[in-house]
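Peer 1: Need coordinates for the following:
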Amino acid sequence: MEDAAGAAVAEAAGADRVEICSALSEGGVTPSAGLVHRVLASTSRIGVQVLIRPRGGDFVFSPAEVEVMIEDVHQLRSLPRVGFVLGALSADGCVDGPVLERLVEACAGAPTTFHRAFDACRDLPASLEALVELGFDRVLTSGGAASALEGAAVLRRLTDQVADRLTILAGGGVRPANVAELVKRSGVTEVHGRAAETVRSAALFSNPAVPYDAAGRGVTSRAAVRAMRKALDEGREHFA
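Peer 2: Here you go, the predicted model:
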């Protein structure tokens, strides 16, 4: 999420964690320190996962970009309840072990999630093993498909493969209406979704010649988070 007030909404509606980022239109990039601090100040329970990504585009990062990511982690790692969402690939479609080793080390024991760069990997099972060896806690994935529901069969195989060595976090098109089916078909116990709604701009004047003066924006929906939480809990009961 990139709305400052959304974390408190998500916490009140039953979320376990939130992922904080900026520029969702670019697939998400590292948020400002101010946004991270504001989210921590407005919540008391949930984990706050901070996306570390210096730019949009692919996940093959230059040495300078890697240094930016490491510095961003250093700036935030001492904050309470903070974890990190990371990812880096080699040019040939494998997880970039040397870069990720440095990033995980920089996190200094904070929770780590490998983001959906995983779905761009050449060999998902082999990449999963590499992430286990690197010490990641979670992998956010749709099973390499356009959506988690479409990738449910692969998600089940990945979940079986990894057992309890890390957690498969299903993401990609996850909505309250499909969470129960996703959990049943894939066997995952955690899901990741945006849970957004659109609100109108508070501006009383809009210049039609200025294209960035948007009429509305996305914010976190309390109802959507609650519905997703309820569907996830019911899906988990199926395996209890």
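Peer 1: so where do the strands sit in the protein?
Peer 2: Taking DSSP state E as the criterion, the chain carries its strands at 17-20, 47-51, 82-86, 112-114, 138-141, 167-171, 190-192, 196-200, 216-220.
Peer 1: buried set for the last one?
Peer 2: Of all the residues in strand 216-220, those buried under the rule 16 or more other C-beta atoms under 10 Å are G218, V219, T220. No exception for glycine: its C-beta is placed from N, CA and C like everyone else's.
Peer 1: possible to save the residues you listed as TSV with distance to C94 and pLDDT?
Peer 2: TSV is the format used below for the buried residues of strand 216-220 (distance: C-beta to C-beta, whole Å; pLDDT from 0 to 100):
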residue	distance to C94	pLDDT
G218	34	81
V219	37	86
T220	35	87
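Peer 1: closest to V162 among these?
Peer 2: Ranked by distance to V162 (C-beta to C-beta), the buried residues of strand 216-220 are led by T220 at 29.5 Å.
Peer 1: what's around the spatially closest residue to that closest one that is not a sequence neighbour, how many residues?
Peer 2: Residue nearest to T220 in three dimensions, not counting chain neighbours: G6, with 3.1 Å by C-beta to C-beta, 6 or more residues apart in numbering. Using other C-beta atoms under 10 Å, G6 has 24 other residues around it.
Peer 1: quick one: contacts for G6?
Peer 2: The contact partners of G6, by C-beta atoms under 8 Å, 6 or more residues apart in numbering, come to V18, V219, T220.
Peer 1: And for V179?
Peer 2: Contacts here follow C-beta under 8 Å, 6+ apart; on that basis V179 touches V191, G193, M228, A231, L232, G235.
Peer 1: swap in D58?
Peer 2: Residues in contact with D58, defined by C-beta under 8 Å, 6+ apart, are L89, A120.
Peer 1: how does it look with 10 Å?
Peer 2: By C-beta atoms under 10 Å, 6 or more residues apart in numbering, D58 lies in contact with L89, A91, A117, A120.
Peer 1: Which other helices and strands does the longest helix along the chain contact?
Peer 2: Across the chain, the longest stretch assigned as helix under DSSP state H is helix 222-237. For helix 222-237, the packing partners by 3 or more C-beta pairs under 10 Å, 6 or more residues apart in numbering; DSSP states H and E come out as helix 6-12, helix 179-186, strand 190-192, strand 196-200.
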